[in-house]
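**Student:** Build me a model:
(2 chains)
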Protein chains: 2
Amino acid sequence: MKTSHHLLALGLFLLPTISQAQEKFDEQMIAKIREEGLQRSKVMDIAFQLTDVNGPRLTATAGYMKAANYAKKQLGDWGLTNTQVDPWGEFGKGWELKKSYLALTAPYYKPIIAYPKSWTASTKGTQSVEVVVVSAAEGDTLLAAYKGKLKGKLILIDATGSYKQSFKPDATRYADEDLQKMAEATMPPAQTGGPRVAQGSFPKPAPGELFISMHPAALRNLKAMAKSEGAVGFLSTTTRAHDGTLFVQGAGSYKKDDPENMLDVVIGIEDYLPIVRLAAAKVPVKLDVDMQSIFQTKDLQGYNVIAEIKGTDPKLADEVVMLGGHLDSWHSSTGATDNAAGCAVMMEAVRILKAVGAQPRRTIRIALWSGEEQGLLGSRAYVKKTFADRADMKLLPAHEKFSAYYNLDNGTGKIRGIYLQQNEACAPIFKSWLAPFADLGAATVTIRNTGGTDHQSFDAVGLPGFQFIQDGMEYNTRTHHTNVDSYDHLSADDLKQAATIVAAMVYNTAQRDEKLPRKALPAAQADRRP
Amino acid sequence: MKTSHHLLALGLFLLPTISQAQEKFDEQMIAKIREEGLQRSKVMDIAFQLTDVNGPRLTATAGYMKAANYAKKQLGDWGLTNTQVDPWGEFGKGWELKKSYLALTAPYYKPIIAYPKSWTASTKGTQSVEVVVVSAAEGDTLLAAYKGKLKGKLILIDATGSYKQSFKPDATRYADEDLQKMAEATMPPAQTGGPRVAQGSFPKPAPGELFISMHPAALRNLKAMAKSEGAVGFLSTTTRAHDGTLFVQGAGSYKKDDPENMLDVVIGIEDYLPIVRLAAAKVPVKLDVDMQSIFQTKDLQGYNVIAEIKGTDPKLADEVVMLGGHLDSWHSSTGATDNAAGCAVMMEAVRILKAVGAQPRRTIRIALWSGEEQGLLGSRAYVKKTFADRADMKLLPAHEKFSAYYNLDNGTGKIRGIYLQQNEACAPIFKSWLAPFADLGAATVTIRNTGGTDHQSFDAVGLPGFQFIQDGMEYNTRTHHTNVDSYDHLSADDLKQAATIVAAMVYNTAQRDEKLPRKALPAAQADRRP
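**Tutor:** Sure, this is the predicted structure:
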């Protein structure tokens, strides 16, 4: 899941009562799906292939392509057709980590848990370097104080405040009252269209709160100065990086003609803050750093994986129900909860449908996306070439033939229900379809939006795109974009439940006499990231 | 704190009512101590020196000696006398980490968070090695299956079950009802003397529970075979090693004439279990390993740090009140909560006493121990040479002149009260002395024992030795013997409170007309670890 600060739009108005007949569905088939999904699940086998066996899956790397080819072959082996590793356009350079070693060597030896951000430069072998700690407060105006002092150095931004232990659990599930609130949420007012964060605003810490951040404009200036003076790079951390759990993403652009980004190495606060304090106390600090990575430039294309279960109703077979999740990950672990989990669930859902001999009326199409972490790129490009371009809202013929897209990308937690994405007309349909899974905790239907992932690409062109509500588990504390987002943080029972419910929802959508209701078509909008 | 499985002996009998006059104490001096300790604390400055500046403090290393010499000088600078770095006998070899690098190189590259156990051997530079996963179940009888297959390999023990996320907080404090239960605990029955764990017993996992362990006898045979065949070493983990937090201790003996222990590298379950699964799936696994350490053999002595505030009452100045904690740590971090915290609190307590101009009647003596992690070695040797030998219980003259020893070694949590260590007669005294700190949450007095650290060395020869009750914080989840036991996991407010209370308790003990009451003298016992 892509990081986003606007995950929820809260409702304010009352939902009008919708009178509609109870949705019918094939109870016998749903029972078969349930038995296959809960009793003979392969979801952890799929997850094992995508994580332990495959490794990291950063877009445009060999690791991503290996996973894409595995998925294509596996889907074909289960009997899906039109299996493709489908190019969606130019992504940019791949980047693969080949060695990461960082250690404090003065005032004493201590190995440091460290990962370079993706698309940053290598060191010249092992280098022994000193540090410069730049005052965040002075950054904007007094950068001149550091002029001429950055050559050959690793640069850190000063920290204020102090770390506080957490008295909250790492893993959580929704309580009944949380779900009740979501179910009772109402339609929000129409968007005013303005951005919610004031231009140029910069967060200020609460008193005593750990804060390690520099104004983006000052940081840009500092980086430019560091590059021109020949600094070795930056050491970075975040307030969430503690106990050995590090949040590691990318550092800058990866387009074909962009220069390499300056080395930027993520470390935990337990290593970062001592260096800051030692520097402040004038205790000499030295580090050995050896970071090696390669840029892949042979193939700049991005690729999604696509496969189908062909529809069998002559009148409806050219209509499509889609399900998917993003296959790409960040690079410091094997992207298990973000988002091998979602891919394994979606692959397992179509496996279940083939295993129970489903003959869907509409065509069911699975898509595993790439470039999600860089801005939902794979799904947006697919939607643009297949259904509609959000920039002009000219609709392609397939737009009319589309029923719904279902996405999963919030970690390993079981499904607790579904976000309507403000598509009120779907509420009674989903309530009926989820009813058989109330005993598995999945009955909640909420009018709310959720964002940050690939269903938004569909929603943006007026197609019904949905994401499920999932228990949070350790997603926001331990696994989302971290170095421990690996197989062992997956919860097998949760993923089995999720695959079973997705299979049922997709099947019901494929069998329904009508396509799912739609919201009004949105206006065309300039091409910006969702 | 040394690891122990017998921390608490629960009480069963009712505590008899003790009629004793309310203990007097110098309220004005206690108010001064409180103001100095809470308003002008230096405890975090001391902790900074012991952790960030000093680094790891494994016994008999340069790191330990640097910390000991800092403490001696600092105590002298505050005006303490008889400051000594005091040899207590032969400990054995020092061991210092010089490089730790481990990475998966096949089926893909992934750096691995890794620390060798102390006193294990180095590799010959960087070695590219394969793995052998030995079935724990087969270990005892079928080790022959691995014969001839270990040369040049890293060995892992097979795992069963799976990791489960924690829905409990990492950090906790005692609730009022916990403290109430401790306060209401009663005297336990007399010890029956027998060990509580049946000889040769070996734990069995609950169904599904993650279990990575081999019967000790089988493991010894495996290690012997690995050594004779020329294996590179072992990879180890524990079920507590997750999210990047690793529990790292020693591997075998460190005595002068002992051979180097075979390399044994601790990694987290997120790296360990994928290797086990990949090996089971016959996916070739390769690792680059580069572990470098040195054995220090020039000085095999162990050293404690000792310093005094001389008593001023001619009749009582040759009597002693002691306070202390262990200065040694394990090696994968800077031992902040185990036990720079306890040392910083004890040093701060004597600083407070000097700062407020205390003129104690009895002599106050601080001791910072070494070898605690290997079996309370420093404190036991000190008690033996100074007070009594537990093996024959022949008492030295100083035994009669001793009032009490106060210890702190349960992490960074504030003091919630004190364990009487079954010394009932001290209950009303401590209740009176803790009363002024009820508003700081420190009023609980419990008859219970607590173990695993240096007050036991005093208790074992019939001297009053006490340890305080402390809030657990992250001690058992994140910091005790881990790679993140560093300065940022210290809680400044908690340590200030603790130092203030310790200073008051020690001062009151020094001023009391009588020495503290004692339990009956124990019988002599063969020299075994507490």
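
**Student:** what's the closest non-adjacent residue to residue A:500?
**Tutor:** Spatially, and ignoring its direct neighbours in sequence, residue A:500 is nearest to residue A:37 (3.0 Å; C-beta to C-beta, 6 or more residues apart in numbering or on different chains). (Glycine included, C-beta is placed from N, CA and C.)

**Student:** Then that neighbour would be within a strand, right?
**Tutor:** No - in this structure, residue A:37 is helix, not part of a strand, as judged by DSSP: H, G, I helix; E, B strand; the rest coil.

**Student:** tell me the contacts of it?
**Tutor:** A:348, A:349, A:352, A:496, A:497, A:499, A:500, A:503 (C-beta atoms under 8 Å, 6 or more residues apart in numbering or on different chains).

**Student:** List the contacts of the last one.
**Tutor:** Translated: residue A:503. A:33, A:37, A:348, A:349, A:350, A:352, A:353.

**Student:** could you measure it against chain B, distance?
**Tutor:** 24 Å (C-beta to the nearest C-beta, to the nearest Å).

**Student:** Kindly provide the whole-number mean pLDDT of the host helix or strand of that residue.
**Tutor:** Secondary structure assignment for residue A:503, by DSSP states H and E: helix A:492-511. For helix A:492-511, the mean per-residue pLDDT is 98.

**Student:** again with stretch A:107-126
**Tutor:** Here the average pLDDT along stretch A:107-126 is 98.

**Student:** before we move on, what about stretch A:374-381?
**Tutor:** Rounded mean pLDDT across stretch A:374-381 is 98.

**Student:** Report the buried residues of the longest strand along chain A.
**Tutor:** Counting residues, the longest strand found in chain A (DSSP state E) is strand A:94-106. Judged by neighbour count (16 or more other C-beta atoms under 10 Å in any protein chain shown), strand A:94-106 contains these buried residues: A:94, A:95, A:96, A:97, A:99, A:100, A:101, A:102, A:103, A:104, A:105.

**Student:** Return the list of strands paired to it, each annotated with direction.
**Tutor:** Strand A:94-106 pairs in its sheet with strand A:110-111 (antiparallel), strand A:286-296 (antiparallel), by DSSP bridges.

**Student:** Which of the three states applies to residue A:308?
**Tutor:** strand.

**Student:** Please apply the same query to residue A:156.
**Tutor:** strand.

**Student:** That one pairs with what?
**Tutor:** residue A:133.

**Student:** and it, what does it touch?
**Tutor:** Residue A:156 touches A:131, A:132, A:133, A:134, A:234, A:235, A:236, A:272, A:275, A:276, A:279, counting by C-beta under 8 Å, 6+ apart.

**Student:** One more: residue A:445?
**Tutor:** A:183, A:417, A:418, A:420, A:427, A:430, A:431, A:434.

**Student:** Need the phi and psi values for the third one.
**Tutor:** Residue A:418 has phi and psi values of phi -140, psi 150 when expressed as degrees, to the nearest 10.

**Student:** The last one too?
**Tutor:** Dihedral pair for residue A:434: phi -80, psi -20, per degrees, to the nearest 10.

**Student:** what's around the nearest residue to residue A:453 once chain neighbours are set aside, how many residues?
**Tutor:** In space, and not counting its chain neighbours, residue A:453 is closest to residue A:409: 4.1 Å by C-beta to C-beta, 6+ apart. For residue A:409, the count of nearby residues is 26 (other C-beta atoms under 10 Å in any protein chain shown).
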